[in-house]
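[1] give the three-dimensional model of this entry:
(one chain, ligands or ions: 2)
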Amino acid sequence: MAKATLTPADFATFYENFNAPVSRFDCGQKCAPLNGGSPVCCSTQAAVPVVHKVEFELLKSRTDLWTKFKPYDFSTRQIVEELTHDCCAVECKGAQFCERDNRSIACRGFPFFPYLTRQREFVGIGTYWTFEDRCWMMSNLEVVDRKFVEEFIATYESLFLKDPSEFKTYVDFSASARRVFSRWKRPIALLGRQGELLIVDPPTGAIRPGRKADFPKNKPFTSDKDYREAIKEAGGEMPKTGLRAA
Ligand code: SF4
Ligand code: SF4
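    Ligands and ions are numbered 1, 2, ... in the order given. Here you go, the predicted model:
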């Protein structure tokens with residue numbers, strides 16, 4: 001495996017250039033009612049942020065927001081055990097203490113990952129599908145800003161140049177996406193390099209331009225009724241604007 005040459009200063013540059021919000025809507029208010037009042041991607045009960053060890057060094061030099069994550073059950077122990085030697089799992093103090101400039105790359109990019117084709121082309125960004133039943137954004141890809149996609153892609157391109165093992169990680173992860181979606185017999189939705197919708201046929205890897213009807217809608221984000229029921233089950237409160245982007 002190629003040796004990582006990343007430094008904390010590289011991450012400081014990534015942070016400067018990757019600041020665009022995913023969209024102009026506050027999506028946290030849509031998923032928090034399903035997750036005990038905290039946005040899903042800001043709660044280690046739901047998602048554990050993983051950072052490069054050198055990124056953690058940078059964060060520790062800038063803020064006391066972050067600490068090393070302590071696993072609390074079997075699946076979180078597994079997450080930590082499966083990490084590569086240059087990464088670690090971390091935890092912030094929680095959404096109410098968020099410091100925008102000290103968010104990790106994992107925070108800035110959620111719920112997206114760099115999608116690489118079988119030919120190893122970086123054609124766009126896919127979503128971490130295991131969160132599709134809790135992350136409103138994944139059912140509302142049409143509201144993602146082009147600037148966010150462009151900054152995401154530029155950041156990961158720089159990261160891949162500096163650390164080829166990161167590139168390999170996402171080559172493999174994209175292949176897993178194709179395997180999982182092949183099994184599910186579902187297409188993979190991507191946002192292409194200019195923010196356009198692309199649809200991957202998982203068994204062949206072929207890509208075609210997406211149409212409006214191809215934007216994925218996952219339960220419970222399929223209707224106000226489904227959403228209301230899921231919120232009731234989770235003991236949360238329906239946002240005033242319901243499911244609608246607002
Ligand atoms: S990206 Fe998804 S999980 Fe994170 S705050 Fe938005 S809707 Fe919630
Ligand atoms: S730093 Fe902010 S965006 Fe990142 S997990 Fe914590 S609260 Fe969420």
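[2] what are the contacting residues of stretch 113-124?
    Stretch 113-124 has contacts (C-beta atoms under 8 Å, 6 or more residues apart in numbering) with 125-128, 149, 152-153, 156-157, 160, 167, 170-171, 173-175, 177, 188, 190-193, 198, 200, 205, 207. Yep, even glycine has a C-beta here, placed from its N, CA and C like the rest.
[3] and those residues, which are buried?
    Applying 16 or more other C-beta atoms under 10 Å to those, the neighbour count classes 125-128, 149, 152-153, 156, 160, 167, 170-171, 174, 177, 188, 190-193, 198, 200, 207 as buried.
[4] which residues touch residue 21?
    145, 148.
[5] if I look at residue 5, how far off is residue 114?
    Here the criterion is C-beta to C-beta, to the nearest Å. By it, residue 5 lies 19 Å from residue 114.
[6] any stretches of the protein with poor pLDDT?
    The chain contains residues with pLDDT under 70 at 1-4.
[7] which stretches of it form strands?
    With strands called from DSSP state E, the chain shows them at 50-52, 66-68, 87-92, 112-116, 122-127, 188-192, 197-201, 206-209.
[8] got JSON lines for those, with distance to ligand 1 too?
    Shown next, in JSON lines, are the strands of the chain (distance: least, C-beta to the nearest ligand atom, whole Å):
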{"stretch": "strand 50-52", "distance to ligand 1": "16"}
{"stretch": "strand 66-68", "distance to ligand 1": "18"}
{"stretch": "strand 87-92", "distance to ligand 1": "13"}
{"stretch": "strand 112-116", "distance to ligand 1": "9"}
{"stretch": "strand 122-127", "distance to ligand 1": "9"}
{"stretch": "strand 188-192", "distance to ligand 1": "14"}
{"stretch": "strand 197-201", "distance to ligand 1": "18"}
{"stretch": "strand 206-209", "distance to ligand 1": "24"}
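[9] out of those strands, which is closest to ligand 2?
    Proximity to ligand 2 (C-beta to the nearest ligand atom) singles out strand 87-92 among those, at 3.3 Å.
[10] give the buried residues for that closest one.
    By 16+ other C-beta under 10 Å, the buried positions in strand 87-92 come out as 87, 88, 89, 90, 92.
[11] so who does the second one touch?
    With contacts taken as C-beta under 8 Å, 6+ apart, residue 88 has the following neighbours: 50, 51, 53, 56, 68, 69.
[12] again, only using 10 Å
    Applying C-beta atoms under 10 Å, 6 or more residues apart in numbering, one finds that residue 88 lies in contact with 49, 50, 51, 52, 53, 55, 56, 68, 69, 80.
[13] which single one of those is nearest to residue 246?
    Ranked by distance to residue 246 (C-beta to C-beta), those are led by residue 49 at 27.4 Å.
[14] tell me the residues of this protein that contact ligand 1?
    Where proximity means C-beta under 6 Å from any ligand atom, the interface of the chain facing ligand 1 comprises 27, 28, 30, 31, 39, 40, 41, 110, 111, 135, 136, 137.
[15] columns distance to residue 13 on top of those, output as a markdown table?
    Formatted as a markdown table, the residues of the chain next to ligand 1 follow (distance: C-beta to C-beta, whole Å):
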| residue | distance to residue 13 |
| --- | --- |
| 27 | 27 |
| 28 | 27 |
| 30 | 32 |
| 31 | 30 |
| 39 | 27 |
| 40 | 29 |
| 41 | 23 |
| 110 | 20 |
| 111 | 24 |
| 135 | 28 |
| 136 | 31 |
| 137 | 26 |
